[in-house]
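> I'd like to go over a predicted model; first the sequence, then the structure.
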Amino acid sequence: EVTEEMLLNDTDSVGDILTNGMGRHLQRFSPLDTLNTDNVENLVPAWAFSLGGEKQRGQETQPLIHDGIMYITGSYSRMFAIDVMTGQEIWQYDARLPEGILPCCDVINRGGAIYGNNIYFGTLDARIVALDLKTGDVVWNKKVADYKAGYSMTAAPLIVDGMVITGNSGGEFGIVGAVQARDAETGELIWDRPVIEGHMGTLNGEESTMTGTLNATWPGDMWKTGGGATWLGGSYDADTDTLVFGTGNPAPWNSHLRNAGTPVEGNAGDNLYAASRLGIDPATGEIKWHFQTTPREGWDYDGVNEVVAYTDREGNDRFATADRNGFFYVLNREDGAFVSATPFVKDISWASGIDENGRPIYNEDNRPGNPADAADGGQGEVVFASPSFLGGKNWMPMAHSPETGLFYVPSNEWGMDIWNEPITYKQGAAYLGAGFTIKPNYEDHIGSLKAIDPDTGEIVWEYQNGAPLWGGVMATAGGLVFTGNPEGEFLAFDAETGEELWSFQTGSGIVGQPVTWEQNGEQYVSVVSGWGGAVPLWGGEVAKEVNYLNQGGMVWTFRLPQQLASVQ
Ligand SMILES: O=C(O)c1cc(C(=O)O)c2c(n1)C(=O)C(=O)c1cc(C(=O)O)[nH]c1-2
């Protein structure tokens with residue numbers, strides 16, 4: 001039985017992986033050093049497991065390991081339990097998805113959450129399922145929202161104090177982002193916190209408080225379909241007893257429809273709390289603090305990216321987050337207050353920097369033009385903006401090593417032509433009011449894994465990759481950094497220098513999240529391979545360049561055999 005205490009100690013307990021992020025701080029750092037820079041060349045495949053079926057597509061999951069069993073989710077809302085020593089399947093669960101699900105960005109899932117005797121995950125038809133760890137039998141299965149209105153779920157849930165806490169997906173359909181807490185035993189809703197101003201929250205079946213102040217930063221009725229999907233889930237900072245969730249772009253993309261008039265006065269067009277990070281009280285669902293990365297967002301710069309808790313070199317408790325808008329932010333852990341922001345990709349065009357309050361200094365002529373200004377009111381002025389709407393960094397998680405003090409950020413160097421169009425909300429239909437084409441910024445690479453010093457923003461080393469990087473990163477006390485690329489290579493780098501030390505071709509693009517653990521005194525590493533996610537669907541010119549990449553669906557597990565641990 002997995003307890004709250006075990007979840008709290010996940011980083012240090014090297015024999016299992018119970019949480020998304022390999023520990024509640026989301027550092028994706030393992031204290032294991034059996035495998036290290038001296039012997040990583042001896043890392044060999046132990047077993048591989050096919051997710052099978054015709055249901056391949058993107059495999060973004062992070063494996064969980066408990067009691068000799070690996071748990072992974074797969075495309076099309078599937079869950080697998082696999083013997084960790086042999087790679088043999090123990091059970092498989094397939095959600096029966098209805099026709100008409102509306103995931104925006106591939107039929108992916110990023111993983112489950114373990115608590116008690118159950119494993120929990122969200123499905124593409126916006127349900128949460130609790131399965132028995134040993135048998136895969138359904139313990140409960142609850143509808144979260146209406147998939148016909150565009151709701152779906154792709155993120156790993158989070159467990160805190162016996163509650164299953166989830167975000168939602170559907171921003172491109174004008175849904176309303178929310179964070180919800182359910183009783184892990186029964187699935188009953190405990191609280192609901194919509195993240196767009198004007199919506200009412202609930203606690204124990206009754207109205208609690210309104211989010212923000214009605215019409216303070218949203219004009220008219222636009223808040224009712226305001227987006228802000230919490231589609232990457234969140235984390236729990238036990239030190240401050242705070243849930244931290246990011247929120248996606250405000251809907252629709254056409255920012256001129258969300259302004260209170262031109263020129264926009266003060267904060268009137270900020271559209272709170274879209275494109276923000278939120279600190280939430282786990283007991284009540286009340287918002288404790290917010291930090292908005294892109295107020296009056298107009299480029300689809302979702303603010304969902306993961307918030308990693310760490311301690312800086314002077315001993316201050318901080319959060320770090322690399323936003324889709326191209327800036328790497330450091331925030332105060334206690335109240336989310338802005339500390340610093342530095343660019344982590346080149347060529348950022350929409351803002352010239354971030355001011356001392358954490359607010360972007362906009363290049364207003366890089367905002368796509370207002371269709372209302374066009375002679376026929378059809379298409380607004382086209383601008384070339386960088387980074388592209390898929391972001392300087394998208395969902396794929398970075399890692400932090402407390403040993404080097406660096407963050408390892410999977411980023412992409414690309415831009416886009418973008419323009420705005422008129423749009424009205426229609427349930428279940430795309431709600432964008434924008435057109436776009438993504439283009440590479442450089443001829444020889446898009447992907448860029450960067451080691452960033454959070455104190456200075458300095459980029460200490462960089463690894464450039466042809467295709468966009470779309471997989472998670474992991475750091476270890478063995479001085480290693482692992483990630484994969486769409487070309488199929490699983491790669492290990494020296495955490496200090498960025499030197500490539502090891503690679504293995506997995507046969508399909510890696511958009512999964514690597515993990516490592518110890519089993520019978522040997523160190524294991526796993527990653528799921530299977531190309532997909534948003535790039536092939538939304539990537540414009542870049543999607544065409546990478547359309548030769550093959551799909552797949554395979555768990556690859558590696559081990560450092562004991563007798564090779566000291567062979568250099
Ligand atoms: O606004 C949303 O609800 C939403 C959901 C998702 C998702 O659930 O995967 C993505 C996005 N937006 C998005 O903007 C995006 O770039 C994206 C990339 C991916 C992916 O898995 O590759 N998902 C999503």
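Structure's in. What do you need? Numbers count the residues shown, from 1 in each chain.

> which residue does this structure bring closest to the ligand?
Using Cβ to the nearest ligand atom, Gly171 is the residue of the chain that sits closest to the ligand, at 2.4 Å. Placement of C-beta: from N, CA and C, glycine included.

> Spatially nearest residue to that residue, not counting backbone neighbours?
Once flanking residues are discounted, Gly171 sits nearest to Ala229: 3.7 Å by Cβ to Cβ, 6 or more residues apart in numbering.

> got the phi/psi numbers for the one you found?
Phi and psi for Ala229, reported as degrees, to the nearest 10, are phi -60, psi 140.

> what's the neighbour count on it?
Ala229 is flanked by 31 other residues according to other Cβ atoms under 10 Å.

> for it, what are its contacts?
Contact partners of Ala229, counting by Cβ atoms under 8 Å, 6 or more residues apart in numbering, are Gly167, Asn168, Ser169, Gly170, Gly171, Ile175, Gly177, Thr247, Gly248, Asp302, Val304.

> Go again with 10 Å.
If a contact means Cβ atoms under 10 Å, 6 or more residues apart in numbering, then Ala229 has 104, 150-152, 154-155, 167-173, 175-178, 195, 246-249, 251, 274, 302, 304 as its contacts.

> Nearest residue to the middle of this structure?
For the chain, the residue sitting closest to the mean C-alpha position, by Cα atoms, centre = their mean, is Trp395 at 3.2 Å.

> What strand or helix carries that one?
Using DSSP states H and E, Trp395 sits in no helix or strand.

> Find the nearest non-adjacent residue to it, please.
The shortest distance from Trp395 to any non-neighbouring residue, by Cβ to Cβ, 6+ apart, is to Leu232 (5.3 Å).

> Just the element for the residue nearest to Ile69 when sequence neighbours are not counted, please.
Spatial nearest neighbour of Ile69, excluding adjacent residues (Cβ to Cβ, 6+ apart): Ala81 at 5.2 Å. When elements are assigned from DSSP H and E, Ala81 belongs to strand 78-83.

> cool, and Ala543?
Using DSSP H and E, Ala543 sits within helix 540-545.

> re the thing from before, just give me how far the strand holding Ala81 sits from the chain centre.
Mean-position distance between strand 78-83 and its chain equals 22 Å (Cα atoms, centre = their mean, to the nearest Å).

> partners of it, with directions?
Strand 78-83 has the following strand partners under DSSP bridges: strand 69-74 (antiparallel), strand 89-94 (antiparallel).

> Between the ones you listed, which one is closest to Val460.
Nearest of the strands paired with strand 78-83 to Val460, taken as Cβ to Cβ: strand 69-74 at 32.5 Å.

> wait, does that closest one make contact with the ligand?
No. If you take Cβ under 6 Å from any ligand atom as the test, strand 69-74 misses the ligand, and the best it gets is 12.5 Å.

> for that strand, which positions count as buried?
Within strand 69-74, the residues that qualify as buried are Ile69, Met70, Tyr71, Ile72, Thr73, Gly74, counting by 16 or more other Cβ atoms under 10 Å.

> okay, those in CSV with pLDDT and distance to Asn325 next?
Converted to CSV, these look like this (pLDDT from 0 to 100; distance: Cβ to Cβ, whole Å):
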residue, pLDDT, distance to Asn325
Ile69, 98, 39
Met70, 98, 35
Tyr71, 98, 34
Ile72, 98, 31
Thr73, 98, 29
Gly74, 97, 31
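
> Can you tell me which of those residues comes closest to Asp33?
Ranked by distance to Asp33 (Cβ to Cβ), those are led by Met70 at 22.1 Å.

> check contacts around that closest one.
Contacts of Met70 (Cβ under 10 Å, 6+ apart): 17, 49, 63-64, 80-85, 87, 90, 515, 517, 524, 526, 555, 557.

> repeat for Lys224
Gly174, Val176, Ile196, Gly198, His199, Trp218, Tyr425.

> Near the ligand, list only the ones from those.
Applying Cβ under 6 Å from any ligand atom to the contacts of Lys224, none is adjacent to the ligand.

> Let me know the closest of these to Ala126.
Val176 (12.7 Å).

> The residue nearest to Trp395: helix or strand, and which one exactly?
With DSSP H and E as the test, Leu232 turns up in no helix or strand.

> Confirm for me that it is in contact with Met153.
No. Using Cβ atoms under 10 Å, Leu232 is not in contact with Met153; the gap is 11.1 Å.

> Return every residue with contacts to both of these two.
Residues touching both Leu232 and Met153 (Cβ under 10 Å, 6+ apart) are Arg110, Gly167, Ser169.

> so which of these are also by the ligand?
Residues of the shared contacts of Leu232 and Met153 in contact with the ligand (Cβ under 6 Å from any ligand atom): Ser169.

> who in the stretch 251-400 of the chain is up against the ligand?
So the stretch 251-400 of the chain meets the ligand at Asp302, Leu390, Asn394, Trp395 (Cβ under 6 Å from any ligand atom).

> any chance you could map the strands in the stretch 451-568 of the chain?
459-465, 474-476, 480-484, 489-494, 500-505, 515-519, 522-529, 554-559 (DSSP state E, counting those that start in this stretch).

> The first one relative to strand 500-505, how many degrees between them?
What it means is strand 459-465. 30 degrees (axes from the mean of the first three to the mean of the last three Cα atoms, to 10 degrees).

> buried ones in strand 459-465?
Within strand 459-465, the residues scored as buried using 16+ other Cβ under 10 Å are Ile459, Val460, Trp461, Tyr463, Asn465.

> Tell me who's in contact with the nearest residue to Met210 once chain neighbours are set aside.
Computed as Cβ to Cβ, 6+ apart, the closest residue to Met210 that is not its neighbour in sequence is Met200, at 5.4 Å. Going by Cβ under 10 Å, 6+ apart, Met200 touches Asp192, Arg193, Pro194, Glu207, Ser208, Thr209, Met210, Thr211.

> could you check the distance from Met200 over to Glu207?
Separation of Met200 from Glu207 (Cβ to Cβ, to the nearest Å): 5 Å.
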